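Visitor: Can you look at this prediction? I've put the sequence above it.
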Amino acid sequence: MSTDAIVLLKDDHKTVKRLFKEFQSAEDGPAARKAEIVEQILKELTVHTYIENEVMYPEVRKLLPDLEDDVLESYEEHHVADVLCFELAAMDAEDEHFDAKVTVLIENVTHHIEEEEQEWFPKVREGLGRSQLQEIGARMLELKPKAPTRPTQPAALKKALDAMRA
């Protein structure tokens with residue numbers, strides 16, 4: 001198994017895209033099956049965004065300062081996905097908004113994956129040596145078993161909800 005950070009992230013992307021296709025194939029099926037697929041999607045995305053946010057993005061930001069804007073955009077795209085994941089985790093698959101919310105999550109994450117794989121990863125690979133990408137990947141692999149597997153309330157959402165309640 002490769003420890004190259006980009007290879008590891010692309011493997012996660014493949015898993016998530018496969019789950020997206022499963023959901024889309026099951027869209028007219030039983031709610032229980034859709035809920036099961038979404039649970040898997042939420043777990044995969046929660047772990048993936050955690051290791052990117054905790055290891056990959058900070059390292060790239062430090063080592064390749066020219067990619068600062070790309071990293072900040074990626075953090076924001078993760079934030080949007082985190083909010084959707086948190087909301088979906090609290091929803092029942094029978095809810096009339098469930099399928100629509102999953103569709104929006106799929107569209108947002110698919111856009112993020114395409115940007116990373118087509119634009120960002122090539123810049124990172126060019127800017128970092130193979131050994132640096134392997135070191136980053138090794139740290140990601142080490143952190144992965146400790147990563148949360150359930151979406152948590154994003155800090156910005158919690159702050160907004162607290163302000164509304166005040």
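Guide: Perfect, I can see it now. Numbering: from 1, shown residues only.
Visitor: When you work out contacts or count neighbours from here on, use the C-alpha atoms and nothing else.
Guide: OK.
Visitor: mind listing what E77 touches?
Guide: Counting by CA atoms under 8 Å, 6 or more residues apart in numbering, E77 touches N108, V109, H112.
Visitor: element containing the last one, please.
Guide: What it means is H112. H112 is part of helix 98-115 when elements are defined by DSSP states H and E.
Visitor: Output stretch 144-151 in PDB with nothing but the alpha carbons.
Guide: Only the C-alpha atoms of stretch 144-151 are listed here, as PDB (Å, rounded to 0.1, in the frame of the first residue of the first chain):
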ATOM      1  CA  LYS A 144      -7.100   7.900  10.300                       C
ATOM      2  CA  PRO A 145      -8.000   5.300  13.000                       C
ATOM      3  CA  LYS A 146      -8.400   8.100  15.500                       C
ATOM      4  CA  ALA A 147     -10.600  10.300  13.300                       C
ATOM      5  CA  PRO A 148     -14.200  10.800  14.200                       C
ATOM      6  CA  THR A 149     -16.600   8.700  12.200                       C
ATOM      7  CA  ARG A 150     -19.800  10.700  12.900                       C
ATOM      8  CA  PRO A 151     -20.400  14.200  11.700                       C
END
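Visitor: Tell me the secondary structure of E39, please.
Guide: Three-state secondary structure (criterion: DSSP: H, G, I helix; E, B strand; the rest coil) places E39 in helix.
Visitor: contacting residues around it?
Guide: When contacts are counted by CA under 8 Å, 6+ apart, E39 touches A89.
Visitor: Check it and give its pLDDT.
Guide: Here the pLDDT value assigned to E39 is 96.
Visitor: Could you do T152 as well?
Guide: In the predicted model, T152 carries a pLDDT score of 79.
Visitor: Correct me if wrong: it contacts F86.
Guide: Yes - using CA atoms under 8 Å as the test, T152 is close enough to F86 to be in contact (6.0 Å).
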